[in-house]
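**Student:** Any chance you can model this:
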Amino acid sequence: MRGPSYRVELADTAAHRYRVTLTLTHPAAEQVFSLPVWIPGSYLVREFAKQLSRLTARQGSNELTVEQLDKASWRVRCSGRAALVLSYEVYAFDASVRTAWLDSQRAFFNASSLCLRAHGREAQAHRIELAGLPKGWRVATEMRAADDGGWQAADYDELLDHPFEIGPHWQGEFVAAGVPHRIVVAGAWPSFDGERLLADVQRICETQIGFWGAAPFERYSFLLWAVDDGHGGLEHRASTALICARRELPTAAEAATPSDNYARLLGLFSHEYFHAWNVKRLRPAEFASFDYQRENYTELLWFFEGFTSYYDELMLRRAGLVDGPRYLKLLAASVNGVLAGPGRQVQPLASASFEAWTKYYRPDENSVNAASNYYAQGALVALCLDLSLRGRKSSLDALMTRLWKRSAGGPISEADILAAVTALGGADIAAQLQAWVHGTDELPLRELLEGQGVTWRDEGRASVAQRLGLRVREAALTGIGVTHVLTGGAAEAGGLNARDEILGCNGWRLRRLDDVLSLLGSGGTRLRLLVSRDQRLVELDVDLPASRSAAVALTLADGPHATRRRWLGA
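**Tutor:** Model (predicted):
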């Protein structure tokens, strides 16, 4: 019995519509179909079915009724064993790595947005063929080519784990540790230096394969879309879909040391590639299998996303793409970002992981006060654990490779992680890790870093917004808009709200919030702010706290330090 077969036609690039024809041989008498509501790696119910329309069914010349069961499921009552053919359209104009896109320049899709699941047939081979490709367009995917044309996946899970990038894109190849790799770039400007990107990403891949011991795939593709403004990625078993701002791409003018923009892009490549091991194979026990119709919960995203976030920039250092001081600058930016969020003292990381579906992916003006970030804060937990284990003559490297080998690159639980930490560093470090991810106490970052020969220094003067406990959006024409009011700050005590517009202070019109310093008399701290709130003018008295440091800076301490050199990969 043949498995489900999909014909995906680029039907109307101007209207951004795919036409999909699904053929199912020997259907059930009551055949049910559904479209996933989420895609693994992005923990939010995204309701892909909202873009599906014109769904029809037939067997031979007989039109059949399609009955909708819920928001993303349908049933067709069949007559006999003749092939069932479904036809439908999908609107595709989401500029992200998670869904689908179609216009006159490019096509992209994840099968989770286009390919209905035929219930009862998930374990069979699934086949895709493409139609309606414009002249000169080519297809990039790591799905296996079918003998009779098209592409074939072993089952529905594999079908959903191979995105397609289609268009007149740039493409380059390299070999890392004997494994062929490909980088595909759509939307690059003419000055893009593809050879530089290939060479630098090759170093990242070789470093990571060396870290894990072997590659778990036969080939790998990076599918990158360069846009005016954007940044992100989604991991898959043998590829990753990436999006970046064009200014992040290297050009012929790129210095030997990557610019901040290019280093950010290399960090993205490193992050998503590390996921080929850590989350695609080594994964939460709850993800041993997926339910595509509802949320799939785990408390371990601090490990699978946070620890990957720790290694993404560390791998740049180990690959020789950034030096020790540059790495510490990147690390300091992460530290400052986490310390600026009061939510880290409210929501434990384990809870942040579990509640990602409703909190992390749906931020609002209060998220900074109520939620922790399992990416950035999880990365700092990884740092603390690494340095703690190094104090016991072990390391986080040893932990990761131990978990990989003992699970045979498969599902693990928190108990497995704690048992491995106990074996490598002792029960006290395992207990400390448990407290870090289930509690809200501050991490011992400064103590551990200084123990590795890193100087922790307060640097710079805080801005007025930082002193008040505000986050604002400033523009010369539109003024000062309050985006966030931080818990426990002077702005909150003075009555400022998110979405307020600060118009003036002490009788003067304001264009930049830091200008209030020029309006205070000697030693003055009292601000009378004129605020626009829902078209009403409000006056608020706010006390400006004393100046403080703006950020933490991390630098290498003077003198030799062998442990430090090992940690930084020198």
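
**Student:** rest of the way, CA atoms for contacts and neighbours
**Tutor:** Fine.

**Student:** Which helix or which strand is home to V335?
**Tutor:** helix 324-339 (DSSP states H and E).

**Student:** what about that helix, distance to the chain center?
**Tutor:** Centroid separation between helix 324-339 and its chain, computed with C-alpha atoms, centre = their mean, to the nearest Å, is 19 Å.

**Student:** Which pLDDT value goes with L380?
**Tutor:** At L380, the pLDDT value in this model is 98.

**Student:** name the element it belongs to?
**Tutor:** helix 376-390.

**Student:** Can you list the buried residues in the top helix by length along the chain?
**Tutor:** If you go by DSSP state H, the chain has its longest helix at helix 194-212. Under the neighbour-count criterion of 16 or more other C-alpha atoms under 10 Å, helix 194-212 has 194, 196-198, 200-209, 211-212 buried.

**Student:** Then stretch 149-157?
**Tutor:** Quick answer for stretch 149-157 (16+ other C-alpha under 10 Å): 150-157.

**Student:** Just the ones of these in strands?
**Tutor:** Among the buried residues of stretch 149-157, DSSP state E puts 151-153 in strands.

**Student:** export the residues you listed to TSV and tack on distance to T141?
**Tutor:** TSV is the format used below for those (distance: C-alpha to C-alpha, whole Å):
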residue	distance to T141
W151	9
Q152	11
A153	12
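
**Student:** List just the nearest of the buried residues of stretch 149-157 to Q31.
**Tutor:** Nearest to Q31 among the buried residues of stretch 149-157: Y156, at 16.2 Å, using C-alpha to C-alpha.

**Student:** List the residues that contact the residue nearest to that closest one when sequence neighbours are not counted.
**Tutor:** Nearest in space to Y156, with sequence neighbours left out and distances taken as C-alpha to C-alpha, 6 or more residues apart in numbering, is E122 at 5.1 Å. The contact partners of E122, taken as C-alpha atoms under 8 Å, 6 or more residues apart in numbering, are 155-157.

**Student:** those strands in the stretch 401-550 of the chain, which residues are they?
**Tutor:** Remark: strands assigned in the stretch 401-550 of the chain by DSSP state E, counting those that start in this stretch are 411-412, 454-461, 470-475, 479-485, 501-505, 508-509, 526-533, 536-543, 549-556.

**Student:** now do the stretch 251-400 of the chain
**Tutor:** Under DSSP E, counting those that start in this stretch, the stretch 251-400 of the chain gives strands at 283-284.

**Student:** how deep is the nearest residue to G495 once chain neighbours are set aside tucked in, by neighbour count?
**Tutor:** Using C-alpha to C-alpha, 6+ apart and skipping the chain neighbours, the partner closest in space to G495 is L540 (6.8 Å). Burial of L540 is recorded as 15 neighbouring residues (other C-alpha atoms under 10 Å).

**Student:** helices or strands up against the longest helix of the chain?
**Tutor:** strand 170-176, helix 260-274, helix 307-318 (3 or more C-alpha pairs under 8 Å, 6 or more residues apart in numbering; DSSP states H and E).

**Student:** For the ones you listed, give me TSV that also has mean neighbour count.
**Tutor:** Output for these, formatted as TSV (neighbours: other C-alpha atoms under 10 Å):
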stretch	mean neighbour count
strand 170-176	15
helix 260-274	22
helix 307-318	24
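
**Student:** CSV for these, including distance to A493 and mean pLDDT?
**Tutor:** Formatted as CSV, these follow (distance: least, C-alpha to C-alpha, whole Å; pLDDT from 0 to 100):
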stretch, distance to A493, mean pLDDT
strand 170-176, 54, 98
helix 260-274, 37, 98
helix 307-318, 35, 98
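
**Student:** With distance to R344 as new columns, can these be given to me in CSV?
**Tutor:** CSV is the format used below for these (distance: least, C-alpha to C-alpha, whole Å):
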stretch, distance to R344
strand 170-176, 39
helix 260-274, 23
helix 307-318, 17
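
**Student:** And P180, its phi and psi?
**Tutor:** The phi and psi values for P180, taken as degrees, to the nearest 10, are phi -70, psi 140.

**Student:** residues in contact with it?
**Tutor:** Contacts of P180 by C-alpha under 8 Å, 6+ apart are 173-174, 218-220.

**Student:** Now for the chain, the helix or strand with the poorest mean pLDDT.
**Tutor:** One helix or strand of the chain scores below all others by mean pLDDT, DSSP states H and E: helix 562-567, with a mean of 59.

**Student:** okay, now the domains of the chain?
**Tutor:** What automatic domain parsing lists as the domains of the chain is 5-155, 169-258, 278-457+558-570, 464-547.

**Student:** Out of the ones you listed, flag the one nearest G267.
**Tutor:** domain 278-457+558-570 (5.5 Å).

**Student:** Report the mean per-residue pLDDT for the longest helix of the chain.
**Tutor:** Mean predicted confidence for helix 194-212 is 98.

**Student:** next one: it to chain centre, how far?
**Tutor:** The answer for helix 194-212 is 20 Å, by C-alpha atoms, centre = their mean.

**Student:** The next helix or strand after it pairs with which strands?
**Tutor:** Following helix 194-212 in sequence order, the next helix or strand is strand 220-227 (DSSP H and E). Strand pairing for strand 220-227, determined by DSSP bridges: strand 179-186 (parallel), strand 239-245 (parallel).

**Student:** In a markdown table: those, plus mean pLDDT.
**Tutor:** A markdown table is the format used below for those (pLDDT from 0 to 100):
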| stretch | mean pLDDT |
| --- | --- |
| strand 179-186 | 98 |
| strand 239-245 | 98 |
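
**Student:** just these: most buried one?
**Tutor:** strand 239-245 (a mean of 24; mean count of other C-alpha atoms under 10 Å).

**Student:** just the angle between that strand and helix 260-274, please?
**Tutor:** Angle, strand 239-245 to helix 260-274, by axes from the mean of the first three to the mean of the last three C-alpha atoms, to 10 degrees: 160 degrees.

**Student:** And the contacts of strand 239-245?
**Tutor:** For strand 239-245, using C-alpha under 8 Å, 6+ apart, the contacting residues are 96-97, 141-142, 162-163, 220-235, 265, 268-269, 272-273.

**Student:** Just the buried ones from those residues?
**Tutor:** 96-97, 141-142, 162-163, 220-227, 231-235, 265, 268-269, 272-273.
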